[in-house]
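>>> heads up, no residue letters with this:
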């Protein structure tokens, strides 16, 4: 996968978690999972020679203070090499927060949906697509 600014060297699931402590919680969550919200967190760590590890964390969780709740999370790592001629931090930031995400997100979303379905919640869909360009411009404008 190559664009003008970066190349994906590798990508993998670093950690995947599905927690439903007991049957009462499972039944409660099955009724209330429509209230669960998807959140995304992106961090990065420079390695060497313009190589960056981008960590994208997707969580699907109940924001309410319910006693009974399930927890779903995927931590996904993408290793990229930024093109040598790119020096501007702003461009690198946009690559990490926007361009890489647009590239990996369809697979990541599918992985999270598979986790939810395999955890006993087969009807889940994410209606809203994440607009990384819009999120990026809101953050920095």
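In hand now; what should we look at? What you see is a predicted model, and the numbers here were worked out from it, not measured in a lab.
>>> for the protein, what are the low-confidence residue spans?
Under the criterion pLDDT under 70, the flagged ranges of the chain are 1-3, 141.
>>> max-length strand in it?
Among the segments of the chain that qualify as a strand by DSSP state E, the longest is strand 6-19.
>>> OK, contacts around the residue nearest the centre of the chain?
The structure's the chain has its C-alpha centroid closest to residue 58; by CA atoms, centre = their mean the separation is 3.6 Å. Contacts here follow CB atoms under 8 Å, 6 or more residues apart in numbering; on that basis residue 58 touches 38-40, 73-74, 76, 108-109, 112. In short, each C-beta sits where N, CA and C put it, glycine included.
>>> Surely it is in a strand?
Yes - with DSSP: H, G, I helix; E, B strand; the rest coil as the criterion, residue 58 is located in a strand.
>>> quick revisit: which one of the contacts of residue 58 is nearest residue 130?
The closest of those to residue 130 turns out to be residue 40 (CB to CB; 6.6 Å).
>>> if we can go back for a sec, any quick PyMOL command for the buried ones out of the contacts of residue 58?
Selecting the buried subset of the contacts of residue 58 in PyMOL, with 16 or more other CB atoms under 10 Å as the burial test, is done by:
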select buried, resi 73+74+76+108+109+112
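>>> what ranges do the strands span in this structure?
Listed in chain order, the strands of the chain (DSSP E) span 6-19, 37-46, 51-61, 71-82.
>>> can you give me the angle the last one makes with strand 51-61?
Translated: strand 71-82. Relative orientation of strand 71-82 with respect to strand 51-61: 160 degrees, computed using axes from the mean of the first three to the mean of the last three CA atoms, to 10 degrees.
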